[in-house]
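In: sequence first, then the predicted structure:
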Amino acid sequence: MNELQTPTAVESTASDAVVHRESLASFVEFAADVLEVQHTVADGVATLEFEHREHPAWPRPYQTRVAVASEKIDPLPRKVTSPIDGGHWLWNLAALERGALVARPASQPESVHEFSSRLFDAYQVDGGQMHLAGCRLIDVPFLRVTTLASDDASMVEHRYFDHTMKPVSESQLEQLGLVEVSPLASDTSPYSRPQVESLAEPCDTAAERFMALTVIVAKRAEGALQFDIGEQCARVRFGDWTRTIAAPPFRCAASGRDSYHLAAIDDGRIVAAEAIATCEESGASVLECERVKCGVTGKQVDPRLASKCPVSGEHVLKDEMATCHACQQSVSRLAVSGGVCKACRELPAAKPTDTWVAGLTEQFPTLKQYRKFRAGKLGELVRVMAIGWWRRLLVITAGEGGPVVEVARREGLAGRWEQVPHTEWSQVLGASQEQS
Ligand SMILES: [Zn+2]
């Protein structure tokens with residue numbers, strides 16, 4: 001698709017432009033090729049001719065002989081015209097026929113299949129496939145202004161600009177291959193004559209020693225590659241000149257790694273193969289950065305097999321966890337002794353006037369009959385233990401002043417902690433005095 005923008009006339013900055021030289025002879029041959037004019041070069045003279053009956057509108061004469069030799073031919077033989085006059089003849093023909101000369105970088109891939117292997121070959125996809133998920137080619141015009149060299153009539157000078165007449169740097173000339181060009185025939189050019197004329201507008205074709213303007217059509221490719229493994233897919237976007245396009249690395253979102261080697265882990269996600277490790281418990285493929293170390297077994301395991309122990313803060317394999325009979329929390333079995341977790345066992349002593357205790361006894365005055373208390377906060381849970389001579393109660397609230405989430409009791413000196421069913425809470429704690 002053509003993406004022509006309206007050229008904006010800017011002050012010519014030709015003096016800043018990079019200059020490349022070419023022999024007049026080869027330039028005349030190039031121009032004649034673009035215009036499909038028959039030509040021969042011999043003895044320092046280029047002969048250009050056309051069949052006037054086929055091209056009645058073309059400028060005369062039907063045959064033009066242009067001096068292109070490195071040595072100045074003096075005097076010019078009969079019917080041999082000077083380089084500048086020969087150049088004007090060619091330019092008039094170009095302007096009439098095409099709007100300007102039209103070319104493409106000689107080493108530029110013109111179609112997707114010419115560069116797609118450069119993309120595909122870069123990747124390895126374990127157990128899956130890759131394909132193009134859309135690719136569009138975008139034509140980008142550059143302008144080459146050709147003048148006859150002031151010091152040598154057998155040479156021309158090319159200066160290169162973008163479509164706004166901003167000079168093109170040497171590095172971009174190299175990147176785009178703008179110096180070596182091939183003629184672009186009418187039927188393969190993306191631009192119509194009016195489009196070429198519009199592109200040529202900002203260029204001063206009346207300048208001294210002006211020979212020709214060439215629109216060089218560079219190509220960009222934009223699209224995406226898709227990798228399919230199992231039910232999942234991943235994409236990598238690309239956008240570059242077709243001449244220099246290179247496969248962009250796949251960015252593994254989970255590990256943050258850039259890679260050209262893709263594989264799937266056991267949960268189906270497509271990741272960088274270098275980021276994969278094995279779960280030492282199940283043998284599953286997981287991400288190394290997501291594996292957790294089990295605080296009981298020391299194994300590096302799949303995070304889906306482990307939970308975080310609220311008491312030790314460690315990740316623990318679910319099989320290595322136990323339920324505390326007092327608080328009913330699932331904790332690392334190493335944190336449990338006599339069926340009770342460390343957090344419940346080692347609650348610090350508290351005064352009845354301490355915030356957590358006072359808050360709870362305000363809400364449940366029945367608890368005031370207890371003389372001794374222990375209290376502590378772990379994570380979001382506040383534990384208050386009320387200790388009587390026969391019975392102990394453990395009341396757990398969700399945060400300070402929060403709702404009661406668990407009640408447990410222990411009766412007798414050698415009794416075990418047991419959960420108090422929700423239906424018995426009011427009986428055990430007494431009626432709540434909380435004002436709503
Ligand atoms: Zn506990």
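Out: Thanks, I have the structure now. For clarity, every value in this text was computed on a predicted model and none was experimentally measured.
In: how far away is the closest residue to L24 other than its chain neighbours from T47?
Out: In space, and not counting its chain neighbours, L24 is closest to V68: 4.6 Å by CB to CB, 6 or more residues apart in numbering. C-betas here are computed from N, CA, C, even on glycine. Taking CB to CB, to the nearest Å as the measure, V68 falls 10 Å from T47.
In: would you confirm that V336 contacts C324?
Out: Yes - between V336 and C324 there is a contact at 6.2 Å, judged by CB atoms under 8 Å.
In: comparing those two, which residue is more hemmed in?
Out: Per other CB atoms under 10 Å, whichever of V336 and C324 has more neighbours is C324, with 25 against 20.
In: not counting residues beside it along the chain, what's closest to the more buried one?
Out: C341 (3.7 Å).
In: give me the pLDDT for E54.
Out: Per-residue pLDDT puts E54 at 84.
In: tell me the contacts of it?
Out: By CB atoms under 8 Å, 6 or more residues apart in numbering, the contact set of E54 is empty.
In: mutual contacts of V68 and T47, please.
Out: Joint contacts of V68 and T47 (CB under 8 Å, 6+ apart) are V41.
In: okay, the two: which has more neighbours?
Out: V68 (24 against 17).
In: so the residue nearest to C324 sits right up against M321, yeah?
Out: No - with contacts counted by CB under 8 Å, C341 stays clear of M321, the gap being 10.5 Å.
In: of those two, who's got more company?
Out: C341 (27 against 21).
In: now that one, which residues is it bridged with?
Out: V336 (DSSP bridges).
In: burial count for the nearest residue to S150 once chain neighbours are set aside?
Out: Take S150 and drop its neighbours on the chain: the residue closest to it by CB to CB, 6+ apart is R209, 6.6 Å away. Residue neighbour count, defined by other CB under 10 Å, stands at 15 for R209.
In: ok, R409 touching R416?
Out: No - in this structure, R409 is not within contact of R416 by CB under 8 Å, at 10.0 Å.
In: neighbour count winner among those two?
Out: Under the criterion of other CB under 10 Å, the comparison of R409 against R416 puts R409 first, with 18 against 13.
In: distance of the more buried one relative to the ion?
Out: 13 Å (CB to the ion, to the nearest Å).
In: what's that residue in contact with, if anything?
Out: Per CB under 8 Å, 6+ apart, neighbours of R409: 391-394, 417-418, 420, 428.
In: one more pass at 6 Å, please.
Out: R409 sits next to 393, 420 when contact means CB atoms under 6 Å, 6 or more residues apart in numbering.
In: and it, what's its pLDDT?
Out: At R409, pLDDT is 95.
In: three-state assignment of it?
Out: At R409 the chain is in strand, as set by DSSP: H, G, I helix; E, B strand; the rest coil.
In: the one 4 residues further on now?
Out: Taking three-state DSSP as the rule, one finds L413 in the coil state.
In: just G376 next, same as before
Out: Classified using three-state DSSP, G376 is strand.
In: is it true that it touches A349?
Out: No - judged on CB atoms under 6 Å, G376 makes no contact with A349 at a distance of 10.0 Å.
In: compare the two (neighbour count), which wins?
Out: Neighbour count, other CB under 10 Å: between G376 and A349, G376 has more, with 17 against 12.
In: ok, for that one, nearest residue in space, not its chain neighbours?
Out: L347 (4.8 Å).
In: surely the one you found touches F373?
Out: No - checked against CB under 6 Å, the pair L347 and F373 is beyond contact range at 9.0 Å.
In: between those two, which one's more packed in?
Out: Taking other CB under 10 Å, L347 and F373 do not tie; F373 has more neighbours (24 against 19).
In: helix, strand, or coil at the more buried one?
Out: strand.
In: residue contacts, it?
Out: 350, 357, 386.
In: quick check: which element contains the last one?
Out: Read it as A386. In this structure, A386 sits in strand 381-387 according to DSSP states H and E.
In: report the angle between that strand and strand 372-378.
Out: Relative orientation of strand 381-387 versus strand 372-378 (axes from the mean of the first three to the mean of the last three CA atoms, to 10 degrees): 170 degrees.
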